[in-house]
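Chemist: Requesting a structural model of the entry that follows:
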Amino acid sequence: MGITDLLSSLAPEGDEEGPNVWVTLPPGYLPLPVENPVDRLNEAEPVLAELCPPDRQELLYATLTTFATLLTELERRNAVYCGLGWHTADDGALVSSTLVVSLQQTGEERNPRLVLGDLVKVAADANDQAQADLVDLPGGPALFLESVRSLPRPALPGQQGDPGRADVYQLEVVVPNEKGDLLAALEFSTPQVEYGTRYREMMVLLANSVSFTPPPGSEDENASSQQIHNLLGGFSA
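Modeler: Numbering: from 1, shown residues only. Model prediction:
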């Protein structure tokens, strides 16, 4: 169980149009729909089917079904952004990854450092094996959790037997607001475990960019959820 799962299980019921978060996204990520994902994927299906080679149609529909399941679960966990990334490593390897940003309310105002300290304890009580580090960033404290997790492989069309499990590198960051009643959870994952640590700097920069108030030049505090989603869906220059 990762920190995102823990936050989702501990968070109180929130307002559907609740608070928002702003981040400066790193380049190289393609945003996926986290608002009404099933409807959005259904809209894209005819175009994808037309572009897909006939011998890959079965794989396409299996992939869309998997995406619909995963994105629906992310929507349930208050995700505001999910991106698929492809980056070229120093040795020329193409590294794939996912980046998820979610927002959780704690239900009460508390010292942010105490909130993060309690999360470390909750993770330990849940037997989470991640390496936890409390870090003071220029914008305030943040909790970094780094781990290699064993996750089930998705079944592919025509595949016989149990697909087994695979190791995945994960780096999760929790950034509280000044009142400690709102948490931004940032989760980076890659199946190419040997390249995972190279993304530490990217996640530090991402965590330091988190803002719970509109940055200068953006929509005002009363911007709609769709406008916020559009802001998060772009890439930083």
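
Chemist: which residue sits closest to the spatially most central residue of the chain, ignoring its sequence neighbours?
Modeler: Nearest to the centroid of the C-alpha atoms of the chain, with distances taken as C-alpha atoms, centre = their mean, sits Val100, at 1.2 Å. Once flanking residues are discounted, Val100 sits nearest to Glu187: 4.4 Å by C-beta to C-beta, 6 or more residues apart in numbering. C-beta here means a position set from N, CA and C on the backbone, and glycine is covered the same way.

Chemist: just the strands in this structure please.
Modeler: All strands of the chain, identified by DSSP state E, fall at 29-32, 79-88, 94-105, 131-137, 140-152, 165-176, 182-190.

Chemist: Verify the contact between the residue nearest to the centre of the chain and Tyr81 for me.
Modeler: Yes - counting by C-beta atoms under 8 Å, Val100 does reach Tyr81; the two are 6.9 Å apart.

Chemist: In this model Leu143 seems to touch Pro112, though I could be wrong.
Modeler: No - between Pro112 and Leu143 there is no contact under C-beta under 8 Å: 9.8 Å.

Chemist: Report the beta-bridge partner residues of the residue nearest to Val100.
Modeler: Beta-bridge partners for Glu187, by DSSP bridges, are Val100, Glu172.

Chemist: burial measure for it, as a count.
Modeler: Glu187 has 22 neighbouring residues, counting by other C-beta atoms under 10 Å.

Chemist: now the one 4 residues further on
Modeler: The criterion is other C-beta under 10 Å. On that basis, Pro191 has 16 neighbouring residues.

Chemist: All set, thanks.
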